[in-house]
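Engineer: take a look and give me a structure for this.
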Amino acid sequence: MNEESILRLAQAAGLSRDWINAAGRPMQVAPEALARILEALGFPCASEEDCRDSLARIAALNDSTQLPPLVTSTIGRGVTLPLPGHLSGSAYRIILESGDAIDGHFPHHAGVIELPPLHSAGYHRLLAGDGETVLAIAPPRCFGVADALRATARSAGTDMHTARLWGLGVQLYSLRRAGDGGIGDFTSLARMAVSAASHGAGALAISPVHAMFSADVHRFSPYGPSSRLFLNALHIDPAAVLGKEAFDAIVAEMEPHEAEALHRVEQLDLIDWPTAAQLRLKLLRALYRHFIQQGPNIEFDAFRRQGGNALRDHARFEAIHAWRLAHGESGDWRTWPSGLHDPANAEVERFAAEHADEVRFHEFLQWQAARGLSAAQAAARAAGMPIGLIADLAVGADNAGSQAWSRQSELINGLSVGAPPDALNTRGQNWGLGAFSPHAMKAKGFGAYIEMLRATFAYAGGARIDHVLGLSRLWLVPQGASSADGAYLQYPLEDLLRLIALESWRHQAIVIGEDLGTVPPGFDRTLADAGLLGIRVLLFERDAERFRRPEEWSADAIATTATHDLPTIAGWWQGRDIDWRKQLDLLEEGQSEDEARAARANERAALAQALFEHAPQQSAANMSNADQADAAVDAAAAFIAATPAPLALLPIEDALGLVEQPNLPGTVDTHPNWRRRLPQPVDSLLDAPGVARRLAALNRSRSYR
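Structural biologist: Numbering: from 1, shown residues only. Just a heads-up that it's a prediction; the model follows:
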């Protein structure tokens, strides 16, 4: 292995040897680590000949003598394309999405052709000689909060009173109501949206609802999905499928121990995912049998046609995955017999024919999930929310899952998305998720990426893109390696931002980018220019000595008190996160528990000063009594409301003043991640006096009515 050849190949492939860590220190990736990543990317480098062949393949992928399958640009800007070597003449035709055509001749020089600016957003076709490409022309920025407010005002025939909104953030699975079977569902979500709207909220951000592995009820992290193209069937409300009467009849037919278990799981404070999931799927299967007996259904048939090959492949994956687990085999498609590796293989076709009813069942589940989520968004908008639901797009999908199986040519196998060590996660992170290949994205015209964006926006008024830094670069870790042995891979940021803006306007949906962590210089400005809202978190908005005042916060990001990966305000105030980190040996390297608590005392004093400078009607003396954490939560809600952020988002845990956080990074089973249920039913959740105080503070600064 020649180190110089490895570095040259890494540079050509978009891998960075040099990077800056969270402490600002220059770091370098070892050549051996780069070689492993290159191999996983499909660029062998074990010998000089391998390196030469791989460099040639990269050059072919970037061939400037061929029209790429898709080119992005912005409304009002000219489009520059490579000059195809085989092109004869200079005539072109652009067929707009509207069906109109623009004919012309382009000047070409220095190996490029130039087209005049287009003033219509959309996916247009360029025909030039015997060549063809798609021109994805985007608006200059994403659809924004002010746009959502203007649209709401127009439809209501009223004036817009504010350019700032507030919303709540909820973990969907945590919602509680009588008869929910122990897991939050889309019916609970709809009720939560209506209740939040009645209290003045303009948006309701939710945890990811991506499709999981239905046959493996022990996998429930919403950020580790099987596919980001489809929905989690466990959020279906069985009573909403064929109506309550049919549901009650099926429950009445259950075995006594099953009926008892169904009642028991509803009462738990922590979700019993395996039991609740098995019961829900059994109910849904029984409902499906009743549905099939009713004969053809026009709406279901239309859903299947619209879902096309993507829906078919996902349903087939679910059926094969379930069959193999039931027979004691591996559910990881990479270990399946070779005939099942490719969705287009004849053996997959035979399996689907032999198990047609099972495949149809999983298509039915997706139909019901889509109906439920769509109804929740419709309820939010009907209740007056300008935005409604804000979906959450996970940074990747499980390498062993449906999306990786059906999109093998565009997702990387053998690498996992993660993060290098930083102050919050001193050992780094390896999330076990697959990522798109930037080389395949370009070669395939970004088809799978656009498909995923449309699936995300389909039933929401906004989207939060998890780890939005991945639009520019992703820290990728070889399978089985430490996260410290990863490297950054560059992505086509400008193209991705344009596609997001284009789909954002087509769906009239705002876009939020989770830009926390080690952020490259200038990246926040790039997001702001593209109309993607960043995220500013109260506990992170500080300089060396003090927390920033509300007016010092960004107007190009949402404001929030916490995220699902951080302590709640009450928990932080009381040091509950330190309790957990001490118990699980997750304190910062070299830090004792006493040092952690002493540092927290100083931070708490600094936050108290910031909060009560802003709220002088409350005195710092309040912070020494038994209600100090409660008072801090009140002040924190008012604090984020006073920022210039277009959207202030209060997590439901902070609205309720809860102490425990939904997820503790760095843990799997030792902390009850993704299992906590909210203490009250959704219909009364926002009615407690403390919650009313916090929501009133948000409304004083941000009422849109």
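
Engineer: what helix or strand does the closest residue in space to residue 217 that isn't next to it in sequence sit in?
Structural biologist: With sequence-adjacent residues excluded and distances taken as C-beta to C-beta, 6 or more residues apart in numbering, residue 217 is closest to residue 277, at 3.8 Å. C-betas here are computed from N, CA, C, even on glycine. Per DSSP states H and E, residue 277 falls inside helix 273-293.

Engineer: which helices and strands does that helix pack with?
Structural biologist: The contact analysis (3 or more C-beta pairs under 8 Å, 6 or more residues apart in numbering; DSSP states H and E) places helix 273-293 against helix 244-252, helix 256-267, helix 356-382.

Engineer: what's the closest of these to residue 681?
Structural biologist: helix 256-267 (10.5 Å; C-beta to C-beta).

Engineer: neighbouring contacts of the closest one?
Structural biologist: 178-182, 251, 254, 271-272, 275-276, 279, 282 (C-beta atoms under 8 Å, 6 or more residues apart in numbering).

Engineer: can you say which of the helices and strands packed on helix 273-293 is packed in most?
Structural biologist: helix 356-382 (a mean of 21; mean count of other C-beta atoms under 10 Å).

Engineer: and the nearest residue to residue 165 once chain neighbours are set aside, its phi and psi?
Structural biologist: Nearest residue to residue 165, sequence neighbours excluded (C-beta to C-beta, 6+ apart): residue 202, at 3.6 Å. Main-chain torsions, residue 202, degrees, to the nearest 10: phi -100, psi -10.

Engineer: again with residue 419
Structural biologist: Torsion angles, degrees, to the nearest 10, at residue 419: phi -150, psi 140.

Engineer: what separates it from residue 666, distance-wise?
Structural biologist: Applying C-beta to C-beta, to the nearest Å, the value for residue 419 to residue 666 is 11 Å.

Engineer: with residue 586 instead?
Structural biologist: 5 Å.

Engineer: mark out where each domain of this protein begins and ends.
Structural biologist: Segmentation of the chain into domains, based on automatic domain parsing, reads 3-61, 77-138, 165-229+371-702.

Engineer: among the ones you listed, which is nearest residue 349?
Structural biologist: Across the domains of the chain, closest to residue 349 is domain 165-229+371-702 (C-beta to C-beta), at 14.1 Å.

Engineer: would you say residue 132 is within a strand?
Structural biologist: Yes: judged by DSSP: H, G, I helix; E, B strand; the rest coil, residue 132 forms part of a strand.

Engineer: and the helices in the stretch 1-150 of the chain?
Structural biologist: Along the stretch 1-150 of the chain, counting by DSSP state H, counting those that start in this stretch, helices occupy 3-13, 31-40, 48-61, 145-156.

Engineer: how far out from the middle of the chain is the second one?
Structural biologist: In this view, helix 31-40 has its centroid 28 Å away from the chain centroid, taken as C-alpha atoms, centre = their mean, to the nearest Å.

Engineer: CSV for the helices and strands packed on helix 273-293, including mean pLDDT?
Structural biologist: Listed next are these as CSV, based on pLDDT from 0 to 100:
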stretch, mean pLDDT
helix 244-252, 95
helix 256-267, 96
helix 356-382, 98
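
Engineer: just the pLDDT for the residue nearest the centre of the chain.
Structural biologist: The centre of the chain sits closest to residue 393, judged by C-alpha atoms, centre = their mean, with a distance of 1.5 Å. The model reports residue 393 with a pLDDT of 98.

Engineer: try the one 4 residues further on
Structural biologist: pLDDT, residue 397: 96.

Engineer: cool, residue 161 as well?
Structural biologist: For residue 161, the predicted pLDDT is 62.

Engineer: for the one 3 residues further on, same thing?
Structural biologist: In this prediction, residue 164 carries a pLDDT score of 90.

Engineer: who are the neighbours in contact with it?
Structural biologist: Per C-beta under 8 Å, 6+ apart, neighbours of residue 164: 145, 644, 645, 646, 647, 648, 701, 702.

Engineer: count of residues packed around the last one?
Structural biologist: Per other C-beta atoms under 10 Å, the neighbour tally for residue 702 reads 25.

Engineer: and the second one, by the same measure?
Structural biologist: A total of 15 residues lie near residue 644 under the criterion other C-beta under 10 Å.

Engineer: how about it, what does it touch?
Structural biologist: Neighbours of residue 644 in contact, by C-beta under 8 Å, 6+ apart: 164, 550, 551, 553, 554, 555.

Engineer: which of these tops the neighbour count?
Structural biologist: Going by other C-beta under 10 Å, residue 164 tops these with 23 neighbours.

Engineer: sorry, back to before: and the residue nearest to residue 217, how far from residue 216?
Structural biologist: In terms of C-beta to C-beta, residue 277 sits 9 Å off from residue 216.

Engineer: again with residue 390
Structural biologist: 28 Å.

Engineer: neighbour count for these two, which is higher?
Structural biologist: When neighbours are counted by other C-beta under 10 Å, residue 390 and residue 216 differ, and residue 390 comes out ahead with 24 against 16.

Engineer: correct me, but residue 633 touches residue 693?
Structural biologist: No: the pair residue 633 / residue 693 is not scored as a contact, 9.2 Å apart, by C-beta atoms under 8 Å.
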